[in-house]
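Asker: Return atomic coordinates for the entry below.
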Amino acid sequence: QVRLQESGPGLVKPSQTLSLTCTVSGDSITTKYYYWSWIRQPTGKGLEWIGYIDYSGSTYYTPSLKNRTSISRDTSKNQFTLQLSSVTPEDTAVYYCARDTAGHGSDYDLWGQGTQVTVSS
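Answerer: Reported below is the predicted structural model:
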C-alpha cells in the first residue's frame, strides 16, 4: 500500500522560507511515470496546485508561485521537499503532497493527510 505523509513546521514567520517534506512508503519516487506534487488549500478556498517533481527529477511550478518555489527530492530517503520563500500570511493553508498520474495537475490518485501551515509573526 502506497502512503504519503507530510511533515514540517506548522508556523512560519513572514518573509521566511516554508519547508515541508513528503515521505513516500510503498513505492519509489523514481517509478515511471508518476509526478509527485504539492497542492495547498487556504481556509475557505479551493485547491491550488503548487508544482511537482517527476520520476526523473524534473520539476514544474505553477507560474504564480514559480519565483518563490523549489521542489527537490532525496531518493535515498524516498522523500520530496517543498520550499516556498518569502512567505506572507496569504500563504497560510493546508498543504498536501499527492501522486499525479499524468502531470497535468489534476489526476491525483493518492494524497497525504495534509498539514496546516500558518504564516504569522
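
Asker: what's the spacing between the residue positioned nearest the centre of the chain and Thr31?
Answerer: The chain has Trp38 as the residue nearest its centroid, 2.5 Å off, counting by CA atoms, centre = their mean. From Trp38 across to Thr31, the span is 18 Å (CB to CB, to the nearest Å). (C-beta placed from N, C-alpha, C; glycine too.)

Asker: tell me which residues in stretch 66-73 are buried?
Answerer: Applying a neighbour-count criterion of 16 or more other CB atoms under 10 Å, the buried positions in stretch 66-73 are Arg68, Thr69, Ser70, Ile71, Arg73.

Asker: on that earlier part again, who's in contact with the residue nearest to the centre of the chain?
Answerer: Leu20, Cys22, Trp49, Ile50, Gly51, Tyr52, Ile71, Leu82, Tyr95, Tyr96, Cys97, Ala98 (CB atoms under 8 Å, 6 or more residues apart in numbering).

Asker: Trp36 too?
Answerer: Trp36 sits next to Cys22, Val24, Ile29, Tyr52, Ile53, Asp54, Arg73, Phe80, Cys97, Ala98, Arg99, Asp100 when contact means CB under 8 Å, 6+ apart.
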